[in-house]
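Participant: please work out how this folds:
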Amino acid sequence: METEILKMICAGQGAVNTEDLVYNLFSGDPTKLSEIICNQEKFVSCCPNGQPKVVARTRLRLCRVKDCPGTCRGLHLCKNFLFSGFCQFTQLRRGCSFSHELTSDHNQRLLRQHELESLSREELCTLLLQSDHTLLPAVSLNLTHDKSTLTKYFRLNSSSLS
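Facilitator: This is a model prediction of the structure:
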């Protein structure tokens, strides 16, 4: 049942209303849901704007070591591939240094250990993005004066996207 909850949460961009989970998966019985979402390694309950929600999370991370021998506990997967299913670096002569195989033995073993093997790449992306802040691009806030008006703008640090 955890898998169905996880898939529903990922389909809802990482969070879903608690009452929607109860209605759609538990035939209106909230006690069964409470028993499952008390697993704080996988779920967090919150109440933004007075609306109870369940958020999914995981301890699984991407390995950040190029040419890792496979002894780590992180997924061997290209960040670009995870985000979009495509990596522009594979088109270059040099290629990409990271794996594009979610189904490799190493990755499948880790996904099974974390009970995430049934998630699609898109669902896994949603889960990892909200669980690992290092996957998010760096944002810098610059303040400028333009004709005596204070303007705030954000500049994405493009080096964090590769």
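
Participant: when you work out contacts or count neighbours from here on, use the C-alpha atoms and nothing else.
Facilitator: Will do.

Participant: tally of neighbours for Cys63?
Facilitator: Residues lying near Cys63 (other CA atoms under 10 Å) number 18.

Participant: separation between Ser97 and Pro30?
Facilitator: Ser97 is 46 Å from Pro30, where distance means CA to CA, to the nearest Å.

Participant: pLDDT weak spots in the chain?
Facilitator: In the prediction, the chain carries residues with pLDDT under 70 at positions 140-162.

Participant: which residue ranges form the strands in it?
Facilitator: 15-17, 43-46, 53-56, 139-146, 149-156 (DSSP state E).

Participant: what helices or strands is the third one leaning on?
Facilitator: It stands for strand 53-56. Secondary-structure packing of strand 53-56 (3 or more CA pairs under 8 Å, 6 or more residues apart in numbering; DSSP states H and E): helix 2-11, strand 15-17, strand 43-46.

Participant: select, out of these, the one closest to Glu115.
Facilitator: Of all those, helix 2-11 sits nearest to Glu115, with 7.8 Å by CA to CA.

Participant: contacts for that closest one, please.
Facilitator: Residues from elsewhere that reach helix 2-11 (CA atoms under 8 Å, 6 or more residues apart in numbering): 15-16, 21, 25, 36, 54-56, 115-116, 118-119, 123-124, 126-127.

Participant: domain-wise, how is the protein divided?
Facilitator: 2-56, 79-135 (automatic domain parsing).

Participant: so which of these gets nearest Arg64?
Facilitator: Taking the domains of the chain one by one with CA to CA, domain 79-135 is closest: 9.0 Å.

Participant: end to end, how far does the closest one reach?
Facilitator: The straight-line separation of the ends of domain 79-135 (CA to CA) is 8 Å.
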